[in-house]
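Whatever this is, show me its structure:
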Amino acid sequence: MKRIVVTVVAAGLVLSGATTAASAAPGGSAPAGFEPKPIPFGKCESTSLQRAGAECGVLEVPLDYAKPGGTKIKIAVSRIRHKVADDKFQGIMLVNPGGPGASGLGLSRLGQLVPDKAGEAYDWIGFDPRGVGKSEPRVSCDGDYFGYNRPFYVPVSGELERAWLAKAKGYADACKAKNGEVLEHLKTTDNAADMESIRKALGQQQINYYGFSYGTYLGQVYSSLHHERVRRMVFDGTVDPRGIWYDANLNQDVAFDRNIKVYFDWIARNDATYKLGTTAKQVEKLYYTKLDELRREPADGIIGPDEWTDAFLQAGYYVFGWTDIAAAFAAYVHKGDAKPIKDLYDASNGQGPGTDNGYAVYLGTQCTDVQWPKSWNKWRIDNWITFARAPFETWGNAWFNAPCLNWGAKAGKPVRIDGRKVSSLLIINETLDAATPYEGALEVRNRYPNSALIEGVGGTTHSGSLKGVACTDGAIADYLASGKLPDRKPGRRSDAQCDPVPQPEATAPTAKSAQSQSAEDSAGVAARQLVRR
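All right, here's what the predicted structure looks like:
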């Protein structure tokens, strides 16, 4: 989404008209011909996983499930075992953090956040999806792609447009040159097949599943292909399956523009702290004034309008970090100090070899799950139309996804999402989630008749469950303990309403870095490099 993640969506295909589950993307949908070996668990490298009592191992799976005897790759897996008596054991709980492209190895710790010890009846399974993190091979293309002072996102001249098209094509070409055949096997169906291999390797008849953001789409694909293998599922920040993946990014652009205005209003209401304007319009005008100044003269020679935009993007995703971003805004306006903005940008975009791993896998999945429009003219028209009503993020998002124009792997066809045979699903979404707009949660609820939707009323946070909202987190605990869902209401609506993740109190932190905030939020959100999803 510009993500990802990330949230998410589509090359103009309506999935109800897509292929059936049985005929979905070749090789990835049905790993029936492959029987994995048990995972040899041992000590984890990560000290935080060690402290949590996790064990780690590697699962070998086919690169191409259509050739189960062919090239093998490695999936890194972690496990924290149940803490109840074996007769109270409720099975394995696989977790995916989203992206696509985010590392999930550490998410075996997620069960510790479930209230009332309801997570202790499960074996929590974290894993790095193929190509990601500790899994091998680790996909990367150009670690310097997010270097400073890039061409202005908004292509107000032919020269800027050509520069970004060449830059995006160069990245796609580098991915093909460095990763070759691996790029053909990064689809969501491949990830779903890997989940099925994890289930088999652990000797379980069914899985439980907790997916955030893109992880909700992965859960939709898995449960459509293997409904009989699903016991309980939680989706938080729910992808609309009707828009995989081009159209969803355009929908996100509009939603992010709305949410950044919500954030500017919060800054205005805290003018005594930040002194950036007493109305949202004043704050917004100041934001764009500084963006224009940075276009003319980048701060410290490196922080231009694109880095400025990216530093603020997280505010459209979550209320987490609002105070840090406002403090960085104020530091630049009042003191000319661009370092806090640079720190926010650096926290989202690594520099150096391999630091583009998350972005490379993000593209590897989104560019091949479905064919994106091949005509740049369509992209140009769609994005200028969207920009006219939503200038904050539109062109930055377009260029983020532009390598899909020249991606070096063949696109597949999306699975038809059908949850009618899935016995149980709990869906969570805040009303103003920009990455995965609320309408997507309603659509998934409709496709899964044995589901219930909890709405974080009025909230702007993406995938914020298990963050201390008692109403939401308590319902999750009840569901995991007993399978009890909120009573399903008639119509296209939520079944239960909870408070959203609360907006923070205004403070002006001086030392807390965006890097440390990212670490704190890692259980519930995708890696910050994937914050555009």
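
going forward, measure contacts between C-alpha atoms and count neighbours the same way
Noted.

pretty sure residue 39 is touching residue 59, no?
Yes - using CA atoms under 8 Å, residue 39 is in contact with residue 59, at 5.5 Å.

Which parts of the stretch 1-150 of the chain are helices?
In order along the chain, the stretch 1-150 of the chain carries the following helices (DSSP state H, counting those that start in this stretch): 47-51.

still on that earlier bit, looking at residue 39 and residue 59, which is more packed in?
Using other CA atoms under 10 Å as the criterion, residue 39 and residue 59 rank with residue 59 on top: 22 against 19.

any idea how far residue 255 is from the more buried one?
39 Å (CA to CA, to the nearest Å).

swap in residue 148?
Applying CA to CA, one obtains 26 Å for the distance of residue 148 from residue 255.

now residue 73
When distances are taken as CA to CA, residue 73 and residue 255 turn out to be 38 Å apart.

Residue 430 now?
For residue 430, the distance to residue 255 (CA to CA) stands at 12 Å.

So which of these two has more stuff around it?
Counting neighbours by other CA under 10 Å for residue 430 and for residue 255 shows that residue 430 has the greater number, 30 against 22.

which SSE is residue 233 in?
In the assignment (DSSP states H and E), residue 233 maps to strand 230-236.

Please give me every residue in contact with residue 42.
Under the criterion of CA atoms under 8 Å, 6 or more residues apart in numbering, the neighbours of residue 42 are 55, 56, 57.

Point out the ones among the residues you listed that are inside strands.
Cross-referencing the contacts of residue 42 with the strands (criterion: DSSP state E) gives 55, 56, 57 as the overlap.

where do the strands sit along the chain?
Along the chain, counting by DSSP E, strands occupy 55-62, 72-80, 92-96, 123-127, 207-212, 230-236, 425-430, 451-456, 496-498.

Counting by contacts, list what the first one packs against.
Under the contact criterion of 3 or more CA pairs under 8 Å, 6 or more residues apart in numbering; DSSP states H and E, the helices and strands touching strand 55-62 comprise strand 72-80, helix 188-201.

Mean pLDDT, mean neighbour count and distance to residue 215 for these - can I get that in a markdown table?
As requested, the helices and strands packed on strand 55-62 are arranged in a markdown table below (pLDDT from 0 to 100; neighbours: other CA atoms under 10 Å; distance: least, CA to CA, whole Å):
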| stretch | mean pLDDT | mean neighbour count | distance to residue 215 |
| --- | --- | --- | --- |
| strand 72-80 | 98 | 24 | 16 |
| helix 188-201 | 98 | 24 | 10 |
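
For those, could you give me TSV that also reports distance to residue 238?
As requested, the helices and strands packed on strand 55-62 are exported to TSV (distance: least, CA to CA, whole Å):
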stretch	distance to residue 238
strand 72-80	24
helix 188-201	15
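
Of all these, which one is nearest residue 466?
strand 72-80 (17.8 Å; CA to CA).

and the closest one with strand 55-62, angle?
Orientation check (axes from the mean of the first three to the mean of the last three CA atoms, to 10 degrees): strand 72-80 against strand 55-62 gives 150 degrees.

Show me what counts as buried in the top helix by length along the chain.
Counting residues, the longest helix in the chain under DSSP state H turns out to be helix 246-269. Along helix 246-269, the positions that meet the burial threshold by neighbour count (16 or more other CA atoms under 10 Å) are 246-269.

Isn't residue 396 up against residue 155?
No - between residue 396 and residue 155 no contact is recorded; they are 10.1 Å apart, counting by CA under 8 Å.

higher neighbour count, the two?
Comparing residue 396 with residue 155 by neighbour count (other CA under 10 Å), the higher total belongs to residue 396, at 20 against 16.

how about residue 301, phi and psi?
Its backbone dihedrals place residue 301 at phi 80, psi 0, with angles given as degrees, to the nearest 10.

Go ahead and confirm it touches residue 295.
No - with contact defined as CA under 8 Å, residue 301 does not count as touching residue 295 (10.7 Å).

list the contacts for residue 369?
Contacts for residue 369 (CA under 8 Å, 6+ apart) come out as 187, 188, 244, 245, 411, 412, 413, 414.

which among the residues you listed end up buried?
187, 188, 244, 245, 411, 412, 413, 414.

Against residue 95, how distant is residue 53?
17 Å.

Looking at these two, which is more packed in?
Neighbour tally, residue 53 and residue 95, criterion other CA under 10 Å: the higher count belongs to residue 95, 30 against 15.

Next one, pLDDT for that one please.
At residue 95, the pLDDT value in this model is 98.

where does the stretch 401-533 of the chain dip in pLDDT?
In the predicted model, the stretch 401-533 of the chain carries pLDDT under 70 at residues 508-533.

At which residues are the helices of it located?
Along the stretch 401-533 of the chain, counting by DSSP H, counting those that start in this stretch, helices occupy 438-447, 470-482, 514-520.

These into JSON lines, with extra columns for distance to residue 79 and mean neighbour count?
Formatted as JSON lines, the entries for the helices of the stretch 401-533 of the chain read as follows, by distance: least, CA to CA, whole Å; neighbours: other CA atoms under 10 Å:
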{"stretch": "helix 438-447", "distance to residue 79": "29", "mean neighbour count": "22"}
{"stretch": "helix 470-482", "distance to residue 79": "18", "mean neighbour count": "19"}
{"stretch": "helix 514-520", "distance to residue 79": "20", "mean neighbour count": "15"}
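
got CSV for the ones you listed, with distance to residue 165 too?
CSV is the format used below for these (distance: least, CA to CA, whole Å):
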stretch, distance to residue 165
helix 438-447, 31
helix 470-482, 44
helix 514-520, 30
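
looking at the ones you listed, which is closest to residue 85?
Distances from residue 85 to each of the helices of the stretch 401-533 of the chain were compared using CA to CA; the shortest belongs to helix 470-482, at 14.1 Å.
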